[in-house]
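K.L.:
Coordinates for the following, if possible.
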Amino acid sequence: MERGKEVRRRLWPAFDAALARVGGYAVSDVSQDQYVGTAGADLREVEDNLRSLGFSFEVISALKHRACPNRRDVEAGSWVLRDSRLSSHQLHVHLFSERNEDTADVYAHHEKNWVRHPVKHYRVEYCSCEKGVEMAREVLSEAHVELFHRGRDERCMV
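P.N.:
The predicted model follows:
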């Protein structure tokens, strides 16, 4: 998984530049309306919780950035939850966490499953931030993952 994260961080920006020439993308921004909350645990613990809940690390996903006033944070992980590999939709969770931080900011959206609907997924024919946030909060709550709210300014301070 760590190798997959590093490959995404290093290669996706180059892919993005090439794809942009033909109207495509490999890197995109996560919107503030996808903010689920901040988990009061470090990144590894949050990822372990996601794995135990049935989420899979998503190496194929576009690399997400979070816009902050003086920088763009790069996501620390991309995870999906599906009823089955060929489900019509998926819950997609993105994690942001700074080094040595004992919290992880969670963002989510509900979207078409790229395995079943690759073109519709890539064109973002359906994406619900509201439903994704609601689903992520519910799933994480059932797993006793404590979430608290941090304002955008606080999330961007480091």
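K.L.:
Name the spans of the protein whose pLDDT lies under the cut-off.
P.N.:
99-100, 158 (pLDDT under 70).
K.L.:
how about the residue most central in space within the chain, what does it touch?
P.N.:
Nearest to the geometric centre of the chain sits residue 94, at 1.6 Å (C-alpha atoms, centre = their mean). Contacts were defined as C-beta atoms under 8 Å, 6 or more residues apart in numbering; by that measure residue 94 touches 30, 34, 64, 75, 77-79, 106-108. Backbone N, C-alpha and C define where each C-beta goes, glycine included.
K.L.:
tell me the SS of it?
P.N.:
When classified by DSSP: H, G, I helix; E, B strand; the rest coil, residue 94 comes out as strand.
K.L.:
The longest helix seen in the chain: which residues count as buried?
P.N.:
In the chain, assigned by DSSP state H, the helix with the most residues is helix 2-20. The neighbour-count check on helix 2-20 (16 or more other C-beta atoms under 10 Å) flags 5, 8, 12, 15-16 as buried.
K.L.:
With respect to residue 22, which of the contacts of residue 94 is nearest?
P.N.:
Distance ranking of the contacts of residue 94 against residue 22, using C-beta to C-beta, places residue 64 first at 21.1 Å.
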